[in-house]
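> whatever this is, show me its structure:
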Amino acid sequence: MLFRVLGPTELRSGAGPVRMAAKPRLVALLLLTSGGRVVSLDNVIDEVWAQRPPASALANVRTYISQLRRLLPGRIEAEPGGYRFAVAAGELDLAEFSALVAAGRARAADRPAEARDRLGQALSLWRGQPFEGEPIGPVLQARAAAAQDDYLAAVETYCELLLRAGDTGAARTLLRATVREHPLRERLRSLLVLAIYQSGDPAGALAAYQEARAALAAELGIDPGPELAALHRAVLRHDDRLLAGEHSRLGVPFQLPPSVADFVGREAEIEHLKRLLRHREPVPGAGLTAVLTGMAGTGKSTLAVRVGHEVAGSFPDGCLYAGLQESDGTPVPPSRVLGGFLRALGVPQEGLAPAGVERAAQLRSLLAGRRVLIVADDAVDAEQVRQLMPGPGSALLVTSRAVLTVPGAHLMELRPLDTAAGVALLDRIAGRDAVAAEPEAAAALAELCGGLPLGIRAVGVRSAAWPALSLARLAARLSDEHQRLDRLTVGDIDLRASLALSYRRLRPEALSLLRMMSILPMRTFSPWLPAALLGIGEPGAHHLAEQLCEAQVLSRTGDERYAMHDLVRLSASEQAGPPAEELVAAAGRVYLAAALSANRRLPGRPMALPAPTTAVVEASAAPVEWFETELEGIRALIPLLIRHGHVDLAARLATATVNFCVLRGRVDDWAATHEAIPAGAELTPATAALLALSVGSLQRFRDDNATALPHLRRAYHLYDELGDAAGMAGAALGWSVAAQQLGRLPEALAAYDRAVRQVAVLDGTPTPGYVHLAFRRPISSTPEEESAALHRALEIFEAAHDTWGGAEAHTFLAEDYRRRQLPAVAARHARAAVHTYAELRDQMQLTVAEIVLANVYLELGSVEHARALAEQCLARALAAGHRWGVASARRAAGRIELIKGRPAAAVPLLTAAEAGYREMGLVNAAEQTRSLLREAISSSAR
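Below you'll find the model as predicted:
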């Protein structure tokens, strides 16, 4: 061995022993024992300086690396993100030890002689505590602890094999030495009692038991566990089975691993499983099977073991335990698992049935009339479970990452911990002082770990091993998505590897879908999107998504939408596939085509948008509902498109949402999509024109007409250069309305004339309706001409099935008839507008229509109806930040106070309304309100 770390460290090169200072040696040990993985500079710094690193830490590490390259030529390789130590098979004792232990334990059931040989070789490599005498940090401490656990398990298995072979002397010697070092490990104590008894010394065996009992009582305050207690009883009655050479024959088998001491939460799940296992309703000929599923890292195994210990008293004939998945993700053969169970129940090796099916029958026969609990961990497929299903009286508790189709099984899905439970787990591992000192950082860490106990455990171990590192700093490091999975790896806790196992059995096309959706930013998705991106039908995409749900790497969120856990997203994005830039651009094009397609079917299209230029899978949802569910994803995709250089596509996608935002009054979403586009970005003329029109329209909806005007003017001139009549008309109309609101009548008239000139070529579209809608005083010469234009607009909208435009026409007609002192007719139009806006859920325009209706009610003498509407509109407008709505609702409320003879109450309302109109530059509205205010002030002075 060139490199030995199982005891005092020894590093050699071809020239002989290599000597170096403590810190460079620590860097070498960290890289050497990382299994060929790249180690980042941050991880090296964390390891070398277990307290606060100096300002020169980075420079120091680079110096140490340089020294190591000189001392160990050809070993240290620079890689993107860090360094890797090149080590071959047979050069590192720790790697050799781990491989021999794994091989020995795997052969223990079927090939005991080979298993003894492998384990003996492994133990011969052990020279003491790993990294003995080295000032190791948190990662190497965790690796040392994992190696120590492997060593003790190897000693136990090796001694059990020695006893089976009749070599009690060698077993006694090794066990006595190991018990002196680890006096509280019950499994070692049990084997020592058995070895002494088998060597012909029952009194010595009883003395060894009493010594174990005293040690456990003195140190832990507990009595011996079921295995050691059963062994004691067997020694007292000189049970013949103790001399058979097989420890698994002793008393009642109890194979459950120890429960985790820092277990928290899961109270509801524990109670449900306990009730199920303890109070199961008997079914003739059938035992109970419960399958606990969930994504990697949710703590399924820990929960199953905890529940097993809780209900063990209800299964007096024993508890059996087996892992059903190899380290590489392949299923453990059922025959091996069954063989282990049968031997634990007292069947000698030579008495085992030869094949899996016969062994399953043999197990059922042996369990008949008994009450035994079987815990089977990490099942890969249903076939493994079916062969373990027990008969009446017994129960099987299975954990699996996949959703298994096991007839008659009770299924339970384990979800990630909520934030409070995650913080409680972190508190148990990292220590109460750390969490109490930084509760907000602790909550952030629990959320960054996605509620996965395995991730929280990794963070807690880091914090406990490095108390000077604040939780806030840990949270800051985890916030970097590119490094998060690296930070969630400590010793044998490897969340990345655990998640990767979930992908091993996925079909290539399912893995492609998973990886593709992990690159894209939307939190949920519907099958139409991967169907369009992969070029498959929506049913095919749905089928693949369901497979991913069954593998617990996707979850269903209702309405046939799917979501991905944040850590699955990070892990899946590391799988091989097309470059992220290609996927993002493809998603942008697909979303744009789908949005433009849905736009054509909206119940209102105040802005003329281009038709889709590429084929798209038509969304099955109604267009408004499609935008409702997809807008969040579009908002998330736009910045990603910009980051990858697709600014023009991002701008087109932003503008494709405008008509929906208008219909729903979603001004904040409208603003968010557009404000993401960088100012001065290089866009095609068509995109630049559409974006300018959309931004100008947004400012008009925000009642900021002064800001809107330059955008609308620019949009008109760009459309003029393109020869786009619909664009010119839309931009000119917005220009005209904004100028009119600001009191710039000549400019408003000129802009309106520009819009009118485009009407002839826009016949059959809703745009002429909006042109007629703008033909109002002071543009129109007479009230009759204005009324005729509004009625014509309504006809055009109804013919074009433009519901939103029709509601606009009804609103303006209501105001027109109110001014003409025909309040009954005005009320009919106002109610029609209110009804339509309410159906469309357009809160902004609903407020406008209800304010008009409130004013109509005042003309009709229905003051209380008007008051209710005004109060309702004011609350809604304040919540939405709708400045015009706030000012107009206050003016209506002020009018009501005047009518009620309370001018003093009217003054503050009208004062605030006038100020609001003036802030928006609405001169005419401000002057009208000023007139009402003078009346209120005059009346209150009398």
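> confirm that residue 77 sits in a strand.
Yes. Under DSSP: H, G, I helix; E, B strand; the rest coil, residue 77 sits within a strand.
> what's around it, how many residues?
Per other CB atoms under 10 Å, the neighbour tally for residue 77 reads 14. C-betas here are computed from N, CA, C, even on glycine.
> measure it to residue 196 for me?
52 Å (CB to CB, to the nearest Å).
> try residue 751
104 Å.
> try residue 811
Relative to residue 196, and taking CB to CB, residue 811 is found at 96 Å.
> what do you get for residue 837?
Distance of residue 837 to residue 196, computed by CB to CB: 88 Å.
> before we move on, what about residue 767?
Computed as CB to CB, the residue 767 to residue 196 distance reads 98 Å.
> neighbour count winner among the two?
In this view residue 767 and residue 196 are compared by other CB under 10 Å, and residue 767 has more residues nearby, 28 against 24.
> what is the helix or strand hosting residue 878 packed up against?
Following DSSP states H and E, the helix or strand that holds residue 878 is helix 863-880. If contacts are counted by 3 or more CB pairs under 8 Å, 6 or more residues apart in numbering; DSSP states H and E, helix 863-880 sits against helix 843-860, helix 883-899.
> dump those helices into TSV; add distance to residue 24, mean neighbour count and mean pLDDT as well.
What follows is the helices and strands packed on helix 863-880, written out as TSV (distance: least, CB to CB, whole Å; neighbours: other CB atoms under 10 Å; pLDDT from 0 to 100):
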stretch	distance to residue 24	mean neighbour count	mean pLDDT
helix 843-860	66	24	92
helix 883-899	66	24	93
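> would you agree residue 54 is in contact with residue 45?
No. Proximity of residue 54 to residue 45 does not meet the contact threshold set by CB atoms under 8 Å, at 9.6 Å.
> of those two, which one has the most company?
When neighbours are counted by other CB under 10 Å, residue 54 and residue 45 differ, and residue 45 comes out ahead with 17 against 11.
> tell me the buried residues in the host helix or strand of that one?
In the assignment (DSSP H and E), residue 45 maps to helix 41-48. The neighbour-count criterion (16 or more other CB atoms under 10 Å) identifies 42-48 as the buried residues of helix 41-48.
> which of the residues you listed lies closest to residue 254?
Of all the buried residues of helix 41-48, residue 47 has the smallest distance to residue 254: 39.0 Å, by CB to CB.
> the closest one against residue 134, yeah?
No. Applying CB under 8 Å, one finds residue 47 not in contact with residue 134, separated by 10.9 Å.
> which residues do the two both contact?
Common neighbours of residue 47 and residue 134, using CB atoms under 8 Å, 6 or more residues apart in numbering, are 26, 140.
> please look at residue 507 and residue 548 and confirm they touch.
No. At 9.9 Å, residue 507 and residue 548 do not qualify as touching, with contact defined as CB under 8 Å.
> neighbour count for the two, which is higher?
Neighbours were counted for residue 507 and for residue 548 using other CB under 10 Å; residue 548 has more, 24 against 12.
> ok, the residue nearest to that one when sequence neighbours are not counted - contacts?
The spatial neighbour of residue 548 that comes closest, neighbours along the chain excluded (CB to CB, 6 or more residues apart in numbering), is residue 554 at 4.1 Å. Taking CB under 8 Å, 6+ apart as the criterion, residue 554 is in contact with 514, 545, 548, 562-564, 568.
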